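Asker: the following block contains a protein sequence and its predicted model.
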Amino acid sequence: MTTTSTTMTYTSRGMRHRRPRRSRVPLLVSLAIWAGAAGVLGLWWSDTTSVVGPAAWLTGAGRITGLLAGYACAVLLALMARMPLLDHNIGTDRLARWHAWGGRCTVSLALAHTLLIIWGYSLSSRTNVVDQTSTLVLHYPDLLKGTAGFLLFVATGIVSARAARRRMSYETWHYLHFATYLAVFLSFGHQLSNGADFVGDRLAQAAWYTLFLGVTALLARYRFAAPVRRGLRHRLRVAAVRPEAPGVVSIHLTGRHLDDLGGEPGQFLRWRFLTHGLWWTANPYSLSAPAHPGHLRITVKAAGGHSAALARLRPGTRVWAEGPYGSFTANRRTAPKVLFLAGGIGITPLRALFETLPGHVTLVYRARRTVDLALRGELDAIAARRRATVHYVVDEPAERSAPLTARSLSALVPDLAAHDVYLCGPPGMTGAAIGALREAGVPARRIHHESFAF
Ligand SMILES: Cc1cc2nc3c(=O)[nH]c(=O)nc-3n(C[C@H](O)[C@H](O)[C@H](O)COP(=O)(O)OP(=O)(O)OC[C@H]3O[C@@H](n4cnc5c(N)ncnc54)[C@H](O)[C@@H]3O)c2cc1C
C-alpha cells in the first residue's frame, strides 16, 4: 500500500456548511405516478357495471392490463425526457433504474393484455384462439399497427435484458431502444378505437391525448430543442487535449456564456464531438474541474471506441453538450465532515467537488498503479490550499496493497461514521466500498454514489 498524506485542519472561513433539506421530489413523483395508475383503474371501474363469467373476467383483466400498459408507456417516456427538475432531484442513475424496472412491468402488462384479450374474446365468441387472433389483428381497427407496436415492445424488452445487452455496444443498445417511440406511436390508435373505456367517452379520450401529447412536448423540449439551442448559444470548441495518465486525457473546452450552462461540481454532460466518427453519439463525462465562465474541462479514460478517440481530437473541433445532469452535488451532503472515495477514473466528479465543497474534507483515491493516479498534481495543490488530507492508495505491488475494508478505511479516516461519503469508481470497487463503509458504521443515507454505467 502506498499512502501519501497531506495534513488537514481545514477552517471553513467563508465556506460555511449549510444542512440541506432533503428533496421531496422523488416522493412526490412516485406518488403522482401511483395516483395516475389509480386514476387509470378508476376509468375502468366507472365504465364497468358487472363482471359475470370467465370470459368477462378475462376480458376485464385484459382491459385493465392494457390501460395500465398504455399509461406506463407515457410514464416511461416522461422519466427519460431528461427534465432538469427530475434529473437534479432524483438523479439520472435512479431515474434509469426506475425506467428499467418500469420497462419490465410494461412489457409484462402488454403481454398479459394481449393474451387475456385473445383468451377472453375466444371464450365469448366460442372460437379457437388462433382464429380469434387473426380476426382481431386483421379486422379490428388499428390492430394491425397495434400488433406491430406490441412486437417492437417485446423485441426492445428482449434487447434490454441484461444478458443480451452485455453482448452489444452501448450505442447499438441505445439506438435500438428508440424503437419504443415507434412502438408507442403504432399502438396508440388501437387504444382509442378499440378500448371499451375510450369508445364514446370524449372526456377519457381527451385525457389520454393530453397525457401523450404532454409527454411528446416534454421529449421535444428537453431531448431535442434544448441541446440544439445550447449548441448554438455556447458554441463550444475543443481548446486543448492534455495527457494526464496512461490512457487518460483531459479535454479543455472554450465557449460563450458558459456561466449560464449551470454545471455544478459533481455533474456530468453528454458530449457530442462534431467530427468524423464521433458526431452521431453523445457520451456522458463528468466535469473534472468547476465550470468557469469561459472554460470547461472533462477528463476521460479510454474504455472503448468513443473514449479512446477523444485523445485524437483536434483543437477547434465543435462540441455540443447536453445537460448538465445528475444529482451527485453539494446538495446531497448532510454532515459537516466529508470523505471523497475515488476509484480510477471515478476521480473526475470528486476532483471538482474536492475543490469546492465547503467544510472538513478528506480524499481517498485508489488506483491500480502510481502512474494511474490522474490529476495528482492539482489534487495536492487543492489539499495544500485547503489544508485537507489526501490518501493515495495503489494496488500494485499486490503484496503491499490494502484491501478496501472497514478496518483499512477507518485507519485512514478517523471518525469515519460521522462522515458523508461521496463515492465514485468501477462497480467492483464501489460494491466493496459500500460494504466496508456500512460495516464501519456509515449510515446508507450518508453514502452518495455516482455510477458510470446506466
Ligand atoms: C454519469 C456518468 C459520468 C461519467 N463520467 C466519466 C468521466 O468523467 N470520465 C470517464 O472517463 N468516463 C466517464 N463515464 C463513463 C463513460 O461515459 C464511458 O466510459 C464511455 O461512454 C464509454 O464509451 P466507449 O464508446 O468508449 O466504450 P464502450 O465500450 O462503448 O462502452 C463501455 C461502457 O460504458 C458505458 N457507456 C457507453 N456509452 C455510454 C453512454 N452514452 N451513456 C451511458 N453509458 C455509456 C456502458 O456501460 C458501456 O458498457 C461516465 C459515465 C456516466 C454514466
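Answerer: Here it is on my side, so go on. Numbers count the residues shown, from 1 in each chain.

Asker: got the residues of this structure near the ligand?
Answerer: The chain comes close to the ligand at residues 169-170, 268, 283-286, 298-301, 303-308, 326, 345, 348, 452-454, as judged by C-beta under 6 Å from any ligand atom. Backbone N, C-alpha and C define where each C-beta goes, glycine included.

Asker: sitting in strands, which of those residues do you find?
Answerer: Using DSSP state E, the subset of these located in strands is 268, 283, 284, 285, 286, 298, 299, 300, 301.

Asker: what sits opposite the fifth one in the beta ladder?
Answerer: Read it as residue 286. residue 268 (DSSP bridges).

Asker: contacts only, for it.
Answerer: 266, 267, 268, 298, 326, 348, 349, 352, 450 (C-beta atoms under 8 Å, 6 or more residues apart in numbering).

Asker: which residue is the nearest non-sequential neighbour of the fourth one?
Answerer: Put plainly, it is residue 298. residue 285 (4.2 Å; C-beta to C-beta, 6 or more residues apart in numbering).

Asker: my guess is that neighbour contacts residue 352, does it?
Answerer: No. Using C-beta atoms under 8 Å, residue 285 is not in contact with residue 352; the gap is 11.9 Å.

Asker: from the residues of the chain next to the ligand, which would you call buried?
Answerer: Among the residues of the chain next to the ligand, the ones that count as buried by 16 or more other C-beta atoms under 10 Å are 268, 283-286, 298-301, 306-307, 326, 345, 348, 452.

Asker: returning to what we had before: identify the farthest-apart pair in the contacts of residue 286.
Answerer: 298 and 450 (14.2 Å; C-beta to C-beta).

Asker: now do the contacts for the residue in the chain positioned nearest to the ligand.
Answerer: The ligand sits closest to residue 304 of the chain, with a gap of 2.1 Å, by C-beta to the nearest ligand atom. By C-beta under 8 Å, 6+ apart, residue 304 lies in contact with 169, 170.

Asker: cool, and residue 146?
Answerer: By C-beta under 8 Å, 6+ apart, the residues touching residue 146 are 186, 187, 189, 190, 191, 194.

Asker: all helices of the stretch 301-450 of the chain, in order?
Answerer: 305-309, 347-356, 376-386, 406-412, 427-439 (DSSP state H, counting those that start in this stretch).

Asker: I'd like these as a markdown table, with mean pLDDT appended.
Answerer: Formatted as a markdown table, the helices of the stretch 301-450 of the chain follow (pLDDT from 0 to 100):
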| stretch | mean pLDDT |
| --- | --- |
| helix 305-309 | 90 |
| helix 347-356 | 96 |
| helix 376-386 | 95 |
| helix 406-412 | 92 |
| helix 427-439 | 93 |
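
Asker: thinking again about what came up before, tell me the one among the contacts of residue 146 nearest to residue 333.
Answerer: When the contacts of residue 146 are compared against residue 333 (criterion: C-beta to C-beta), the nearest one is residue 187, at 44.2 Å.

Asker: list the contacts of the helix or strand of the chain with the lowest mean pLDDT.
Answerer: In the chain, no helix or strand scores lower on mean pLDDT, DSSP states H and E than helix 162-166, which sits at a mean of 74. In this structure, residues lying in contact with helix 162-166 by C-beta under 8 Å, 6+ apart are 158, 159, 173.

Asker: out of the residues you listed, list just those in helices.
Answerer: Mapping the contacts of helix 162-166 onto helices (DSSP state H) picks out 158, 159, 173.

Asker: let me have those residues in a markdown table, extended by neighbour count and pLDDT.
Answerer: Compiled in a markdown table, those are given as follows (neighbours: other C-beta atoms under 10 Å; pLDDT from 0 to 100):
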| residue | neighbour count | pLDDT |
| --- | --- | --- |
| 158 | 11 | 84 |
| 159 | 16 | 80 |
| 173 | 16 | 79 |
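
Asker: just the contacts of residue 146: which are in strands?
Answerer: Applying DSSP E to these, no entry is found in strands.

Asker: only the buried residues of the least confident helix or strand of the chain, if you could.
Answerer: Result for helix 162-166 [16+ other C-beta under 10 Å]: no buried residues.

Asker: from here on, call the first residue 696.
Answerer: With 696 as the first residue, the last one maps to helix 857-861.
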